[in-house]
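Undergrad: Fold the following, please.
(2 chains)
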Number of protein chains: 2
Amino acid sequence: MGSQKAPDRSGFWSVPVRKSATMITVHHLNRSRSHRILWLLEELEQPYTVARYERDAKTSLAPPELLAVHPLGKSPMIELDGQVIIESAAITEVLCARFAPEMIPPAGTPDHIRHLELMHFAEGSAMTPILLQLYTGRLGDAAAPLAPRIQQQLTSQYSYMNDILRPSGHFVLDRLSAADIVLSFPAEIAMRQGRQDDFPALASFVTAMQARPAYQRALERGEVSG
Amino acid sequence: MGSQKAPDRSGFWSVPVRKSATMITVHHLNRSRSHRILWLLEELEQPYTVARYERDAKTSLAPPELLAVHPLGKSPMIELDGQVIIESAAITEVLCARFAPEMIPPAGTPDHIRHLELMHFAEGSAMTPILLQLYTGRLGDAAAPLAPRIQQQLTSQYSYMNDILRPSGHFVLDRLSAADIVLSFPAEIAMRQGRQDDFPALASFVTAMQARPAYQRALERGEVSG
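TA: Just a heads-up that it's a prediction; the model follows:
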């Protein structure tokens, strides 16, 4: 931990953390949620190492090597000063609290409640019909009875995301916040499903996030080891 | 807001909130994640009102009346001093921060990171194979190709939960914390699936939580309107 002082009660470090004192490794799986973490680290201008893993070409499953890092064997995971951290939204929360507390609204405010809702909505709700569609898609026509319900859920959640975007093009604050990072993944999937015309605000959000230099740098880092 | 003072930066109210000043309504759906919220409010000894909703007897879906409260139309939702809050884990985080900050480890500590991981794991990961099994179960034998993968995921996640339980029988602290509340739901489903012998620590956790007087009081409140 080196030069760091103990955190104060607000959850922010009481002195700026020296970049050179912090070791961050991202365990990064191709075509996965972990791009968001690389993007966030680029926004934070924090140095990090990428440990790359490839999906099985046949099954698309994560490789067993990830199990050596954590018993759940999923990406993304990071190591932060030796502590393994799982779950995209938790990783985002920890990194923002430590390196960019302005990306999280002040605790105890209505904006902070919105932040918490959306951090949980992103993976706890928005991803559910997406994963249901992905899995049941492997069953072909046999999954047809579930399709209307899954489509209704997808539309409901994309519509909600579209409607709560602020005129500034962000979800919680009028600048990049932690919720924008985590919600970018389901928003990008909506666009890959061709929903641009249905949800124009969400489409503009995705375009704006992908245009950020840090987003583009993260794409490059995800492709190159180390 | 009445007698309440503004929150300080730590997210805790700087003076004890007068119970009579706080209005909490739980929008509660039968057979759903919302029992946890009633249980938490009983643990916190906070007064609250229950607005009850019944699943459609045929489809098991939530009724459209919930859409009048929030565009996503899902339970649980609460209203806290007029602000609607969605997502079980976010609701738990908000209520604990406000009424029982000792149920959340101090920010900036390794325990707080564990807390964040598990708050997100509960809905973001643990519920995914449970919901996949629930949905694909409606397809009967046609879903058989997915069953091995879903079973492997269920076992992986239940095993993880079982293995990280502390000797005290809790997940993060050696007393009831917010993570215990949110993880109780997937843990109870594991038991309903008959996994007691596979995961004895998880079984003991469920038994201990269900034996808490507040848990039992919440069951009663969930059945009676108002």
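
Undergrad: can you list contacts of stretch A:57-71?
TA: A:27, A:29, A:32, A:53-56, A:73-75, A:77, A:79, A:84, A:86, B:156, B:159-160, B:163 (C-beta atoms under 8 Å, 6 or more residues apart in numbering or on different chains). Glycine gets a C-beta too; all of them are placed from N, C-alpha and C.

Undergrad: Identify each buried residue in the lengthiest helix in chain A, please.
TA: Scanning chain A for the helix with the most residues, using DSSP state H, yields helix A:147-164. Neighbour-count burial for helix A:147-164, counted by 16 or more other C-beta atoms under 10 Å in any protein chain shown, picks out A:150, A:153-154, A:156-162, A:164.

Undergrad: before we move on, what about stretch A:30-37?
TA: In stretch A:30-37, counting by 16+ other C-beta under 10 Å, buried: A:32-37.

Undergrad: Quick check: which of the buried residues of helix A:147-164 are also close to chain B?
TA: For chain B, the contacts drawn from the buried residues of helix A:147-164 by C-beta under 8 Å from any C-beta of the partner chain are A:150, A:156-157, A:159-160.

Undergrad: circling back to that earlier point, give me the buried entries from the contacts of stretch A:57-71.
TA: A:27, A:29, A:32, A:53, A:73-75, A:77, A:79, A:86, B:156, B:159-160.

Undergrad: How about A:H28: what's its closest non-neighbour residue?
TA: A:S34 (4.6 Å; C-beta to C-beta, 6 or more residues apart in numbering or on different chains).

Undergrad: got any ranges where chain A has weak pLDDT?
TA: A:1-21, A:224-226 (pLDDT under 70).

Undergrad: now stretch A:207-222, how far from the centre of its chain.
TA: 13 Å (C-alpha atoms, centre = their mean, to the nearest Å).

Undergrad: the strands in chain A, which residues?
TA: A:24-29, A:49-53, A:77-80, A:83-86 (DSSP state E).

Undergrad: How much space separates A:R55 from A:E123?
TA: 19 Å (C-beta to C-beta, to the nearest Å).

Undergrad: How about A:D141?
TA: Using C-beta to C-beta, one obtains 30 Å as the distance from A:D141 to A:E123.

Undergrad: Of the two, which one has the most company?
TA: Each of A:D141 and A:E123 has its neighbours counted (other C-beta atoms under 10 Å in any protein chain shown); A:E123 has more, 26 against 8.

Undergrad: Isn't that one up against B:E123?
TA: Yes. The pair A:E123 / B:E123 is scored as a contact, 7.2 Å apart, by C-beta atoms under 8 Å.

Undergrad: How are the helices of chain A distributed by residue range?
TA: Counting by DSSP H, the helices of chain A are A:35-44, A:88-99, A:110-121, A:127-136, A:147-164, A:178-192, A:200-210, A:213-223.

Undergrad: how about those helices, which one is nearest B:E102?
TA: helix A:110-121 (18.6 Å; C-beta to C-beta).

Undergrad: near chain B at all, that closest one?
TA: Yes. Helix A:110-121 is in contact with chain B by C-beta under 8 Å from any C-beta, via A:110, A:112-113, A:116-117, A:119-121.

Undergrad: how about those residues in CSV, adding neighbour count?
TA: Output for the residues of helix A:110-121 next to chain B, formatted as CSV (neighbours: other C-beta atoms under 10 Å in any protein chain shown):
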residue, neighbour count
A:P110, 13
A:H112, 19
A:I113, 24
A:L116, 28
A:E117, 25
A:M119, 32
A:H120, 27
A:F121, 28
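
Undergrad: Can you give me the distance of the most centrally placed residue in chain A to B:P64?
TA: Nearest residue to the geometric centre of chain A (C-alpha atoms, centre = their mean): A:V182, 3.5 Å. Distance from A:V182 to B:P64, counting by C-beta to C-beta: 29 Å.

Undergrad: Domain ranges for chain A, per the record?
TA: Domain ranges of chain A: A:19-102+A:214-223, A:104-211, per automatic domain parsing.

Undergrad: would you turn the ones you listed into JSON lines with distance to B:L176?
TA: What follows is the domains of chain A, written out as JSON lines (distance: least, C-beta to C-beta, whole Å):
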{"stretch": "domain A:19-102+A:214-223", "distance to B:L176": "20"}
{"stretch": "domain A:104-211", "distance to B:L176": "20"}
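
Undergrad: quick one, what contacts A:L176?
TA: By C-beta under 8 Å, 6+ apart, the residues touching A:L176 are A:43, A:103, A:170, A:212.

Undergrad: switch the cut-off to 10 Å
TA: Counting by C-beta atoms under 10 Å, 6 or more residues apart in numbering or on different chains, A:L176 makes contact with A:40, A:43, A:100, A:102-103, A:169-170, A:208-209, A:212, A:214.

Undergrad: Out of these, flag the one nearest to B:A190.
TA: Using C-beta to C-beta, the contacts of A:L176 come closest to B:A190 at A:L40, 32.7 Å.

Undergrad: any idea how far A:W39 is from the residue nearest to the closest one when sequence neighbours are not counted?
TA: The shortest distance from A:L40 to any non-neighbouring residue, by C-beta to C-beta, 6+ apart, is to A:I181 (5.2 Å). Look at A:I181 and A:W39: by C-beta to C-beta, they are 7 Å apart.

Undergrad: Tell me if I'm right that A:I104 and A:C96 touch.
TA: Yes. Applying C-beta atoms under 10 Å, one finds A:I104 in contact with A:C96, separated by 5.2 Å.
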